[in-house]
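> Structure for the following, please:
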Amino acid sequence: MRTDDPGTHVRQRERRRIVGKLFFLIAGTVSFFLSVGLWFLGDDRQTAIFVGLWVPSLFSLGGLVAAPERVR
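Model prediction:
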């Protein structure tokens, strides 16, 4: 594979976007299960709610970071 091929750069960028999406998806899922675990197994429900609020934040941040670049 040639490094000066323009398609190579596009594929690398797409691969990085997919990895970024996967990272935030895993982080949000772990946060969800941690929140559920704290709710049912822990004594401090406020901490469970706080950790549960991370889920939409992580998913939103992942969508923002992994969004395709706009072409002008």
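> chain center to stretch 16-26, what's the gap?
In terms of Cα atoms, centre = their mean, to the nearest Å, the centre of stretch 16-26 is found 5 Å from the chain centre.
> Now do the strands in the protein.
Under the criterion DSSP state E, the chain carries no strands.
> which stretches of it form helices?
Taking DSSP state H as the criterion, the chain carries its helices at 6-41, 45-52, 54-65.
> Would you format the ones you listed as CSV with mean pLDDT included?
Formatted as CSV, the helices of the chain follow (pLDDT from 0 to 100):
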stretch, mean pLDDT
helix 6-41, 89
helix 45-52, 95
helix 54-65, 91
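> will you turn those helices into JSON lines that also has mean neighbour count?
(C-beta placed from N, C-alpha, C; glycine too.) Putting those into JSON lines (neighbours: other Cβ atoms under 10 Å) gives the following:
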{"stretch": "helix 6-41", "mean neighbour count": "13"}
{"stretch": "helix 45-52", "mean neighbour count": "14"}
{"stretch": "helix 54-65", "mean neighbour count": "15"}
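> How about the residue nearest to the spatial centre of the chain: what's its closest non-neighbour residue?
In the chain, the C-alpha closest to the average C-alpha coordinate belongs to residue 24, at a distance of 1.2 Å (Cα atoms, centre = their mean). Closest residue in space to residue 24, ignoring its immediate chain neighbours: residue 62 at 2.6 Å, by Cβ to Cβ, 6 or more residues apart in numbering.
> I'd assumed residue 18 was in contact with that neighbour.
No - under the contact definition of Cβ atoms under 8 Å, residue 62 does not touch residue 18, with a separation of 11.4 Å.
> can you pull the contacts of residue 64?
Contact analysis of residue 64 by Cβ atoms under 8 Å, 6 or more residues apart in numbering lists nothing.
> Relative to residue 34, how far out is it?
22 Å (Cβ to Cβ, to the nearest Å).
> Check residue 61 too.
17 Å.
> Excluding covalently adjacent residues, which one is nearest to residue 18?
residue 66 is the one closest to residue 18 (Cβ to Cβ, 6+ apart), at 7.8 Å.
> Next: residue 42.
Per Cβ to Cβ, 6+ apart, closest to residue 42 is residue 48, 6.3 Å.
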